[in-house]
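A.B. asks: Structure for this input, please:
(chains A and B)
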2 protein chains.
Amino acid sequence: MEIPVIRSVFENNEKLAQKVRAQMQARHILTLNVISSPGAGKTTLLERTLADLSPELKMAVIEGDLQTDNDAQRIAKSGVQVVQINTEGGCHLESSMILSCLEKLDLDGLDILFIENVGNLVCPVEFDLGEDYKVALLSVTEGDDKPEKYPLLFQLAKVMVLNKVDLLPYVSFDVERAVGFAKRHNRDLKVFEVSCTKALGLNEWYNWLRSAREAVR
Amino acid sequence: MEIPVIRSVFENNEKLAQKVRAQMQARHILTLNVISSPGAGKTTLLERTLADLSPELKMAVIEGDLQTDNDAQRIAKSGVQVVQINTEGGCHLESSMILSCLEKLDLDGLDILFIENVGNLVCPVEFDLGEDYKVALLSVTEGDDKPEKYPLLFQLAKVMVLNKVDLLPYVSFDVERAVGFAKRHNRDLKVFEVSCTKALGLNEWYNWLRSAREAVR
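C.D. replies: Residues are numbered from 1 along each chain as shown, chains lettered A, B, ... in the order given. Predicted coordinates:
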């Protein structure tokens, strides 16, 4: 008798991630998986980006949270399509959830799909969602040692958005040190220093989004 | 043929947590499991507490991190015993790790053992480490919605330390709203508003530690 072997959770996730990726590539949609600690400013970054780039780019958002649809409600105010995933306590998103969301989104003519992961610097990093790139968000209030202490995200990300730079005068945070840790294993990491609440430094992030979107056409 | 069933990870964790608890109760040591997002200030809270209470209480620390012993090095400067756990990418501590640490600590005459969990608002909450109480640390820079969005920690914690209140003038954070969410399912939650870097509001936290320590004698 052959004993069935349950595929590992990672193997199954990877298979479904490739399905997401194939769909998005066929449609030339830039797909970004945004990962950070709780409260680093993922939703605020998206609110700003949607408000400023909506005239030129068609965007949609998948919102991941343990529970509540607070963030999806915030995103919905921008007028873009948004789907909420509630993980019911789960600490990360998986590609099966993204596949279900794609059925609920009108993908026609979409330029960029943002996936806002659960606020967590550890678990979300290990699950490919079929994205083109991971975007790491770090806020200066978290301390400049975070890329050293939670290295995998910063190794795998294409971009690091350093948020809340308006608070630099009030906290102990050495930007060079943080960026140095982040680039130690990822020399090509792009770093954007921004304040989403004060609308500082966002143009470089927007220019990167434009060029990354062009590259998947 | 009987097929062996592997005990669930939670069941095994709970069994070893009871071993930790029995050892600590027999020795009348107050054991606290400190949980927060990355960068909320767990290590800084411990540094302050160790510096201020060492003259009257004998304390030790177990430091949990994915990698590096940065935080253990910071704690060691206070002169108290510290043991580092590196989870090698793991997102939470488990009771088996605490049991191993207890072998390396001199527990004689110890009043309080602090366990600093991995920075993560989700996974650590689900693993009993044999502590008397969980201590939730939240910083005002993370946003006042966090107890609503990550409710389990705030439901299970005995204490919520609200840190970085010196930054309240520069961020949008409604203390009443945050405390209201946290207390919705945990009416007896004790809340201490502090700034660890500016040494504000710490006396009430210290008084609570003293009385909790008395209660396990």
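A.B. asks: immediately after the lengthiest helix in chain A, which helix or strand?
C.D. replies: Criterion DSSP state H: the longest helix present in chain A is helix A:9-26. The helix or strand immediately downstream of helix A:9-26 is strand A:30-35, counting by DSSP states H and E.
A.B. asks: what's in contact with the following helix or strand past that next one?
C.D. replies: Once the chain leaves strand A:30-35, the next helix or strand it forms, by DSSP H and E, is helix A:42-53. Helix A:42-53 has contacts (CB atoms under 8 Å, 6 or more residues apart in numbering or on different chains) with A:34, A:36, A:59, A:61, A:63, A:71, A:74-75, A:77-80, A:114, A:116-117, A:119, A:137, A:161, A:163, A:194, A:196-197, A:199, A:202, A:205-206, A:209. All C-beta spots, glycine's among them, are computed from the backbone N, C-alpha and C.
A.B. asks: Pull helix A:42-53 out as CSV, backbone CA atoms only.
C.D. replies: Below are the C-alpha coordinates for helix A:42-53, written out as CSV (Å, rounded to 0.1, in the frame of the first residue of the first chain):
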residue,chain,number,x,y,z
LYS,A,42,2.1,50.2,4.7
THR,A,43,-1.4,51.4,4.4
THR,A,44,-0.4,55.1,4.5
LEU,A,45,2.2,54.5,1.8
LEU,A,46,-0.5,52.9,-0.4
GLU,A,47,-3.0,55.7,0.4
ARG,A,48,-0.5,58.3,-0.8
THR,A,49,0.6,56.3,-3.8
LEU,A,50,-2.9,55.7,-5.0
ALA,A,51,-3.9,59.3,-4.5
ASP,A,52,-0.9,60.6,-6.4
LEU,A,53,-0.6,58.1,-9.2
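A.B. asks: Quick check on the contacts of helix A:42-53: which are buried?
C.D. replies: Neighbour-count burial (16 or more other CB atoms under 10 Å in any protein chain shown) applied to the contacts of helix A:42-53 gives A:34, A:36, A:59, A:61, A:63, A:71, A:74-75, A:78, A:80, A:114, A:116-117, A:119, A:137, A:161, A:163, A:194, A:196-197, A:202, A:205-206, A:209.
A.B. asks: hmm, the host helix or strand of A:Met160 touching chain B?
C.D. replies: For A:Met160, the host element (DSSP H and E) is strand A:159-163. No - for strand A:159-163, no contact with chain B is found by CB under 8 Å from any CB of the partner chain; the gap never falls below 10.3 Å.
A.B. asks: Check stretch A:73-92 too.
C.D. replies: Yes - under the criterion of CB under 8 Å from any CB, chain B is reached by stretch A:73-92 at A:89-91.
A.B. asks: Highest neighbour count among these?
C.D. replies: Comparing the residues of stretch A:73-92 next to chain B by number of neighbours (other CB atoms under 10 Å in any protein chain shown), A:Cys91 comes first, having 24 neighbours.
A.B. asks: Secondary structure element holding the closest residue to A:Leu50 other than its chain neighbours?
C.D. replies: Using CB to CB, 6 or more residues apart in numbering or on different chains and skipping the chain neighbours, the partner closest in space to A:Leu50 is A:Ser78 (4.0 Å). A:Ser78 is part of no helix or strand when elements are defined by DSSP H and E.
A.B. asks: I'd like to know how far A:Ser78 sits from B:Leu113.
C.D. replies: 48 Å (CB to CB, to the nearest Å).
A.B. asks: residue contacts, A:Val165?
C.D. replies: A:Val165 makes contacts with A:140, A:175, A:193-195, A:200-201, as judged by CB under 8 Å, 6+ apart.
A.B. asks: Swap in 6 Å and give it another go.
C.D. replies: Shown in contact with A:Val165 (CB atoms under 6 Å, 6 or more residues apart in numbering or on different chains): A:193, A:195.
A.B. asks: can you tell if the host helix or strand of A:Leu138 touches chain B?
C.D. replies: Assessed by DSSP H and E, A:Leu138 sits inside strand A:133-139. No - Strand A:133-139 does not reach chain B (CB under 6 Å from any CB of the partner chain); its nearest approach is 6.8 Å.
A.B. asks: Quick test: name the residue nearest the centre of chain A.
C.D. replies: Central residue of chain A (CA atoms, centre = their mean): A:Val34, 0.9 Å from the mean position.
A.B. asks: Roughly how far does the nearest residue in space to it that is not next to it in sequence sit from A:Asn33?
C.D. replies: Distance criterion CB to CB, 6+ apart; nearest residue to A:Val34, sequence neighbours excluded, is A:Val135 at 4.7 Å. Counting by CB to CB, the gap from A:Val135 to A:Asn33 is 7 Å.
A.B. asks: A:Ser139 bridge partners, please.
C.D. replies: Per DSSP bridges, the residues bridged to A:Ser139 are A:Asn163.
A.B. asks: you'd agree it is up against A:Lys164?
C.D. replies: Yes - if you go by CB atoms under 6 Å, A:Ser139 and A:Lys164 touch, sitting 4.3 Å apart.
A.B. asks: Thanks a lot, catch you later.
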